[in-house]
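**Student:** Make a model of this:
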Amino acid sequence: MSNVESAPQETVCADRPSTAAVEVLEPRDVPLGGPRAMTVRRTLPQRQRSLIGAWCFADHYGPDDVAASGGMDVPPHPHIGLQTVSWLFAGAVEHRDSLGTHAMVRPGELNLMTGGHGIAHSEVSTPGTTVLHGAQLWVALPNADRYSPKDFQHFAPTPVRVDGATVSVFLGTLAGQTSPVETFTPLLGAEVVLDAGATIQLGLDAAYEHGVLADTEGFTVDGTDLTRSALAFLPTGQSQLTLTNRSDQPARALLLGGPPFEEEILMWWNFVGRTHEEIVEAREQWMAHSERFGAVEGYAGAVKHLPAPAIPPVRIRPRSNTSRAPRDS
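**Tutor:** Next up, the predicted model:
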C-alpha cells in the first residue's frame, strides 16, 4: 500500500533500546485518499518507536464497509529499500506490479513484494469485496541488500492449534511452524487467534524484539491490557509471551519480531533510504517515469502514475525512541 499522506514527514529511524517490559504504542488515524477515504490506524513509525526488528511501518484498517468507504484503490506507486507485507482478515485485493505480477491478496495468505532498487505496484479491492479488513506492513532492507532486484512471493500458511489458539506463521518460526518465505533479515510474522477466555504461552527467540498488534479488543500481553489497533512492544531478552483473551469472543492479533535493526534509515513517502539526497533522487526518477521503477500494466483507474508529494523544504531531524528526548526541526 502507498503512504498517501499529502505531506509525509522525512523521518530518520534507528533502533534504540527500551527498558520497559511491555511498551504500548497507540495508533493514530491516517486518511488515505479523498472524501470517501479509507482510514488506517498507524503504529509504526512514531516518536515513541521507529522499528521493531526490521519492521518499520504498520497500518491496521477495517473492518470497513466498502459501499461507504469506497474500498481500496491505490494507483501505481513506487517503493525502494523495503519489502511490503500484505495480510488480510476479510475481503480481497488485486495486486499488479512492474514485474508483471498479477495476484490476489486473500485472508490468511501472505503477499510479500521486494522493492529494493525500485518497483511499482497498484492495489485495488475486488468488486466482490463488501468488507475490507487487514494490515499493511513494511520491512526495511539492510544496507547490503537494499538495491536488490524486484521480487514477489506468495505463501498460504497452514493454521495450527496451540492450546487455546490458532496460529498461522507467515514469516519465520513459531510454535513449531516455519515459513519458507525468504527475507533479508531474520523476521517473525504470525496471526494468532485466541479462543474466548483463553490464555496461551508462546516461546520466543530471546534475541528478537517483538510486537503484538491487536486486531480486536480483549487482549492482555504479559499482563498489560492492549486496546484494538494498539501495538505492544517487547524488548529483547524475553523467551516467553503470555497472551490472554479477556473477552467472550475470539480475539485476533499479529505477532511480529526480529533482531534489533542496527542501521539508521530514512523514511519518506514510499521510500526507505539512507540519505536525503537518495530520497530526492528516487522522487525525481519516479516523477520522470524512470525505468528504475518500470510500468504497471492492467490497472484500470484514471490515475496511471501516482504523483509524489513535494519534498519537505528542510531536513527533518531524527525522531527518538525511549532512550532520547525528542528533537524536532
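**Student:** Which residue, neighbours along the chain excluded, lies closest to the residue nearest to the spatial centre of the chain?
**Tutor:** Nearest to the mean C-alpha position of the chain, by CA atoms, centre = their mean, lies Leu137 at 1.0 Å. Distance criterion CB to CB, 6 or more residues apart in numbering; nearest residue to Leu137, sequence neighbours excluded, is Val85 at 4.1 Å. For glycine as for every other residue, the C-beta is placed from the backbone atoms N, C-alpha and C.
**Student:** list the contacts for the nearest residue to Tyr299 once chain neighbours are set aside?
**Tutor:** Nearest residue to Tyr299 in three dimensions, chain neighbours excluded: Ser122, at 4.4 Å (CB to CB, 6+ apart). Neighbouring residues of Ser122 by CB atoms under 8 Å, 6 or more residues apart in numbering: 74-77, 95-97, 296, 299, 301.
**Student:** now swap in Pro78 and tell me
**Tutor:** Neighbour list for Pro78: 115, 118-120, 270-271, 282, 286, 293, 308 [criterion: CB under 8 Å, 6+ apart].
**Student:** Show the backbone phi and psi for it.
**Tutor:** phi -100, psi 160 (degrees, to the nearest 10).
**Student:** rewinding a little: tell me the confidence at the residue nearest to Leu137?
**Tutor:** We have a pLDDT of 98 for Val85.
**Student:** what do you get for Val314?
**Tutor:** At Val314, pLDDT is 78.
**Student:** neighbours around it, how many?
**Tutor:** 9 (other CB atoms under 10 Å).
**Student:** where does it land in three-state SS?
**Tutor:** What DSSP: H, G, I helix; E, B strand; the rest coil gives for Val314 is coil.
**Student:** Look up phi and psi at it.
**Tutor:** phi -130, psi 160.
**Student:** again, but for Ala68
**Tutor:** With angles defined as degrees, to the nearest 10, Ala68 sits at phi -90, psi -40.
**Student:** Same question for Asn111.
**Tutor:** Backbone geometry at Asn111, expressed as degrees, to the nearest 10, gives phi -120, psi 120.
**Student:** How about the contacts made by it?
**Tutor:** Contacts of Asn111 were listed using CB under 8 Å, 6+ apart, and they are 84-86, 95, 103, 105, 152-154.
**Student:** Tell me where the stretch 51-200 of the chain has helices.
**Tutor:** 66-69 (DSSP state H, counting those that start in this stretch).
**Student:** Could you pull up the contacting residues of Gly134?
**Tutor:** Residues near Gly134 by CB under 8 Å, 6+ apart: 60-62, 86-91, 93, 105, 107.
**Student:** and if you look at Val124?
**Tutor:** Val124 is in contact with 71-74, 93-94, 299-301, counting by CB under 8 Å, 6+ apart.
**Student:** sorry, back to before: from the contacts of Gly134, list just the buried residues.
**Tutor:** Neighbour counting over those (16 or more other CB atoms under 10 Å) leaves 60-62, 86-89, 91, 93, 105 as the buried ones.
**Student:** I'd like these as CSV, with distance to Leu241 appended.
**Tutor:** Listed next are the buried ones among the contacts of Gly134 as CSV, based on distance: CB to CB, whole Å:
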residue, distance to Leu241
His60, 19
Tyr61, 25
Gly62, 25
Ser86, 24
Trp87, 19
Leu88, 24
Phe89, 21
Gly91, 29
Val93, 30
Val105, 27
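**Student:** Closest one to Ala230 out of the residues you listed, please.
**Tutor:** Nearest to Ala230 out of those is His60 (CB to CB; 9.3 Å).
**Student:** pLDDT-wise, which helix or strand of the chain ranks last?
**Tutor:** Lowest by mean pLDDT, DSSP states H and E among the helices and strands of the chain is strand 11-13, with a mean of 61.
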